[in-house]
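In: I need the structure of the sequence given here:
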Amino acid sequence: MKTIKPDVQNYRKLPGAMLVAAGVYTRIYSRQCFKNHNFDITPEQFVVIEVLMHHDGLYQRQLSEITLKDRPNITRIINILEKNGYVERISDTNKRKVFKIFLTQKAKDIFAKLSSVTEQYRSVMTQGINQEEMNVCLNVLNKVLNNLLDKVDMSL
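Out: A predicted model of the protein is given here:
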């Protein structure tokens, strides 16, 4: 098991640093898991597919808001998913330049495999954490989020 140097440990006691570190390691580990299963989809792309599985036919702007990805990033993800045959853009009947994003059958067919791998790495992430601890963690994170929601300008 890897250990962290003492000077780094002190820095990691700061909540912001811990959140960033957890996010970085989550992204790295999830990418490794997807790569090990030879998926041609990244975890970031999977998040978009997962949202569309529950709410197919969203506008790009809605996907951006739900996934907390900026517009250029969500555009790039959708372009890649479309190129690889996982989503299609369909013009809104009322607005010619506005598109709704829909999953293709290819995305629906692979979703269960992707979800299984996602559940596996999420299980690794939460190993040794009981339900009470998880509830406390989620409650604290929700408070942090609520403290910042009205102070952050998401248009930047």
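In: give the helix, strand or coil label for the spatially most central residue of the chain.
Out: The chain has Val47 as the residue nearest its centroid, 4.5 Å off, counting by Cα atoms, centre = their mean. Counting by DSSP: H, G, I helix; E, B strand; the rest coil, the backbone at Val47 sits in helix.
In: what about the closest residue to it other than its chain neighbours, distance to Ile110?
Out: Leaving out its chain neighbours, the residue that sits closest to Val47 by Cβ to Cβ, 6 or more residues apart in numbering is Thr67, at 5.4 Å. All C-beta spots, glycine's among them, are computed from the backbone N, C-alpha and C. Distance, Thr67 to Ile110, using Cβ to Cβ, to the nearest Å: 19 Å.
In: same check on Ala22?
Out: 27 Å.
In: between these two, which is the more surrounded one?
Out: Higher neighbour count among Ala22 and Ile110: Ile110, with 16 against 12, using other Cβ atoms under 10 Å.
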